[in-house]
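Student: got a sequence here, can you model it:
(one chain, ligands or ions: 1)
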Amino acid sequence: MDTGPEAQTTRVVIVGGGSAGWMCAAGLSRLLDPSAYSLTLIESDEIGAVGVGEATLPHIKIFNDMLGIREAEFLSATQGTFKLGIEFRGWGAPGDSYVHPFGTFGEPWGGVHFQHHWLRARSAGLPVAPLEAYSYAVAACRAGVFEFPSEDRKSIRSTYAYAYHFDASLYANFLRRWATARGVRRIEGKVVEVARDGESGLIEAVSLESGARIAGDLFVDCSGFRSLLLGGALEVGWQDWTPWLPCDRALAVPCERATDFTPYTRSTAQEAGWTWRIPLQHRTGNGYVFSSRFTDEDRAREVLLSALDAPPQAEPKLLRFSPGRRELAWRGNCVAVGLASGFLEPLESTSIFLIQAAVTDLANLMPAPRQGRRADPRLANEFNRLFAIQYDRVRDFLILHYRANARHGQPLWDYVRTMPIPDTLTQKMSLFEARALTPDYKYGLFARDSWLSVLVGQGVTPQGYDRLAEGLSLADAQAHLERLKARIDANVAAMSSHAGFIANYCAGSDGAGQQPAATVR
Ligand SMILES: Cc1cc2nc3c(=O)[nH]c(=O)nc-3n(C[C@H](O)[C@H](O)[C@H](O)COP(=O)(O)OP(=O)(O)OC[C@H]3O[C@@H](n4cnc5c(N)ncnc54)[C@H](O)[C@@H]3O)c2cc1C
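Tutor: Residues are numbered from 1 along each chain as shown. Below is the predicted model:
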């Protein structure tokens, strides 16, 4: 029998202490009433965590702000840098480059989205610049500069957002200190057994190698690829997305920090996958995500090492994975978060975002206090609905990168260019091809401009545009385009270098952060 003061609370037991486990522990300890919920996290030092995952999306700032974490302190603790987007090299065709920015392209004129004005001006033969010239975030990436966005909605500097690159292990350590200082109980040990109620099938407790038994009401499976509780004990099925996303391995290696301290992640298409390059303060993170169907590990190692811009600091580490997701993320009294619930290759840095979304949804749908193990199934159903939307939308966006390639004559690229794709992606691509329409979700990733950047960046050409763009005269459209580009160029030219901004911001042992004076227009 479980007694003591904890019997009065809903006992939430988190299994796993990687980024997912500690984000969950930190987020729930901030959002839940500590007198009604107790939080325990079990992690195994022997097993360890994946330890990669260095690039993020802007949403992480909301998460850190919600915890009350001071940004400069966080950046110092995790060797973090700023990220304004991802540069894709060679994805459309060998030698090309485009940036998927955290920001907009232009602005709507006369209620019509920017891309339609741009396409119309282009098809009328006006001397318009490439699409990326009208994105503030892309211009800042190309110039290697960074400053915080303006809060003045009228300023051109309010049209972008930013995320971070950081050392994922240091982030998990940072959150561990944060969460344990706020009452999360940490238990070191290896879970070897999961005890379930014979009648309901609900999880009652997990047992550790040491013999300790940890009972709980709600179990959060953050055990990584093992998916110890949801996939293992509860046998929830797996949707395998390998036919659409054939990469199933990664080699990761850090190298010395390069002089080119970019405010963006770089993803370069390679013969059987793609390499990443992520600049941190103390080193550059690199990896090669590849398909074992189209190359072998020795060759992948060679490709990775030849792509580094400085000497490696370790032996490349191999990671195996399968793209896909669990059929459900919440069954009974078990909710999986992070790699235990699914995995999508890090092409668009989505895993940490998916963890954050799951933590937020879990906090919103948390079973009412003191209900024991029996949660309202309507809450689980809603969580599963949101989980599926998130994963399926990211999946389509990733497949688009592969599908829209012109790397002819390379077996992986020929395969992905011609493979059958999900109907949901076919529909999005054909709407863009017909009328330059892009998805406009209210929930989940990715926004309209993200689709636009990849579709245009990889050479998908629309046959038409929104006819309402013709409400503006061509001369006015051209004047708008010229003014917009001039504003972007003038403001970007006045910004600080990325490296200089970080050095200044993180200066001082207290991490107080000094923002260089910005010239906001
Ligand atoms: C190659 C690669 C690159 C990536 N790059 C990015 C990126 O750029 N951006 C991004 O957002 N994400 C990225 N990710 C994903 C990111 O690394 C993970 O989503 C994130 O680290 C969360 O992992 P996790 O906590 O779910 O699992 P893990 O890190 O594997 O943690 C699992 C935890 O469970 C514990 N555990 C397991 N079994 C037991 C047991 N029996 N008993 C006790 N404890 C146990 C482990 O000790 C560990 O603490 C990348 C992933 C890979 C594979």
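Student: nearest residue to the closest residue to the ligand within the stretch 151-300 of the chain other than its sequence neighbours?
Tutor: Proximity to the ligand, evaluated over the stretch 151-300 of the chain using Cβ to the nearest ligand atom, is greatest for Gly224 at 2.5 Å. Every residue, glycine included, has its C-beta placed from N, CA and C. Here the nearest residue to Gly224 in space, its sequence neighbours aside, is Leu339; by Cβ to Cβ, 6 or more residues apart in numbering that works out to 4.5 Å.
Student: which residues does the one you found contact?
Tutor: Gly18, Ala20, Val50, Gly224, Phe225, Ser227, Ser351 (Cβ atoms under 8 Å, 6 or more residues apart in numbering).
Student: out of the residues you listed, which sit inside strands?
Tutor: With DSSP state E as the criterion, strands contain none of these.
Student: tell me the two of those residues that are most distant?
Tutor: Ser227 and Ser351 (14.4 Å; Cβ to Cβ).
Student: is the longest helix along the chain up against the ligand anywhere?
Tutor: For the chain, the helix with the greatest residue count under DSSP state H is helix 377-403. No. Contact between helix 377-403 and the ligand, assessed by Cβ under 6 Å from any ligand atom, is absent, since the two come no nearer than 11.0 Å.
Student: residues of that helix that come out buried?
Tutor: For helix 377-403, the neighbour count (16 or more other Cβ atoms under 10 Å) marks 379-380, 383-384, 386-388, 390-403 as buried.
Student: which one of the contacts of Leu339 is nearest to Phe63?
Tutor: The nearest one, if we look at the contacts of Leu339 relative to Phe63 and count by Cβ to Cβ, is Ala20, at 12.6 Å.
Student: what's the closest non-adjacent residue to the closest one?
Tutor: Take Ala20 and drop its neighbours on the chain: the residue closest to it by Cβ to Cβ, 6+ apart is Gly338, 2.5 Å away.
Student: so what's the residue count around the one you found?
Tutor: Around Gly338 sit 30 other residues, with neighbours defined as other Cβ atoms under 10 Å.
Student: let me know the pLDDT of it.
Tutor: Predicted confidence (pLDDT) for Gly338: 98.
Student: list the contacts of it.
Tutor: If you count contacts by Cβ under 8 Å, 6+ apart, Gly338 has them with 16, 18-21, 23-24, 222, 224, 351, 354-355, 358.
Student: for Leu412, see how far away the residue nearest in space to the middle of the chain is.
Tutor: If you average the C-alpha coordinates of the chain and look for the closest C-alpha using Cα atoms, centre = their mean, you land on Thr350, 2.2 Å from that point. The span separating Thr350 from Leu412 equals 21 Å under the rule Cβ to Cβ, to the nearest Å.
Student: now swap in Ile187 and tell me
Tutor: Distance, Ile187 to Leu412, by Cβ to Cβ: 44 Å.
Student: check the stretch 251-400 of the chain for the residue nearest the ligand and tell me.
Tutor: Counting by Cβ to the nearest ligand atom, the stretch 251-400 of the chain gets nearest to the ligand through Gly338 (2.5 Å).
Student: can you point out the buried residues in stretch 200-208?
Tutor: Residues of stretch 200-208 classed as buried under the neighbour-count rule (16+ other Cβ under 10 Å) are Leu202, Ile203, Glu204, Ala205, Val206, Ser207, Leu208.
Student: residues contacting the fifth one?
Tutor: Which is Val206. Taking Cβ under 8 Å, 6+ apart, we find Val206 in contact with Val13, Val15, Ile42, Val191, Glu193, Val194, Ala195, Arg213, Ile214, Gly216, Phe219, Leu229.
Student: are any of these buried, and which?
Tutor: Among the contacts of Val206, those classed as buried by neighbour count (16+ other Cβ under 10 Å) are Val13, Val15, Ile42, Val191, Val194, Ile214, Gly216, Phe219, Leu229.
Student: which residues of the stretch 101-250 of the chain lie near the ligand?
Tutor: Ala168, Lys190, Val191, Cys222, Ser223, Gly224, Arg226, Leu228, Ala250.
Student: how near is the first one to Ser76?
Tutor: By that I understand Ala168. From Ala168 to Ser76 the distance is 16 Å (Cβ to Cβ).
Student: same check on the fifth one?
Tutor: Applying Cβ to Cβ, one obtains 30 Å for the distance of Ser223 from Ser76.
Student: got it, and the second one?
Tutor: Taken as Cβ to Cβ, the spacing of Lys190 relative to Ser76 amounts to 33 Å.
Student: quick one on the thing from earlier: JSON lines for the buried residues of stretch 200-208, including pLDDT and distance to Glu345?
Tutor: As requested, the buried residues of stretch 200-208 are arranged in JSON lines below (pLDDT from 0 to 100; distance: Cβ to Cβ, whole Å):
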{"residue": "Leu202", "pLDDT": "97", "distance to Glu345": "34"}
{"residue": "Ile203", "pLDDT": "98", "distance to Glu345": "30"}
{"residue": "Glu204", "pLDDT": "97", "distance to Glu345": "36"}
{"residue": "Ala205", "pLDDT": "98", "distance to Glu345": "35"}
{"residue": "Val206", "pLDDT": "98", "distance to Glu345": "30"}
{"residue": "Ser207", "pLDDT": "98", "distance to Glu345": "34"}
{"residue": "Leu208", "pLDDT": "98", "distance to Glu345": "33"}
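Student: show residues contacting stretch 406-413.
Tutor: Residues beyond stretch 406-413 that count as contacts (Cβ under 8 Å, 6+ apart) turn out to be 90, 92-94, 246, 269, 271-273, 291, 293-295, 402, 405, 414, 417, 458-459.
Student: repeat the analysis, applying 6 Å as the threshold.
Tutor: Stretch 406-413 is contacted by residues Gly92, Ala93, Glu271, Ala272, Ser291, Phe294, Asn405 when judged by Cβ atoms under 6 Å, 6 or more residues apart in numbering.
Student: so what's the residue count around the fifth one?
Tutor: For Ser291, the tally of surrounding residues (other Cβ under 10 Å) stands at 19.
Student: got it, and Val12?
Tutor: The number of residues packed around Val12, counting by other Cβ under 10 Å, is 26.
Student: what's the helix or strand for it?
Tutor: With elements taken from DSSP states H and E, the one containing Val12 is strand 10-15.
Student: contacts only, for Ala499.
Tutor: With contact set as Cβ under 6 Å, 6+ apart, Ala499 has these partners: Phe261.
Student: which residues of the stretch 301-450 of the chain lie near the ligand?
Tutor: Counting by Cβ under 6 Å from any ligand atom, the stretch 301-450 of the chain comes close to the ligand at Leu319, Phe321, Gly338, Leu339, Ala340, Pro346, Ser349, Ser351, Ile352.
Student: fine by me, thanks again.
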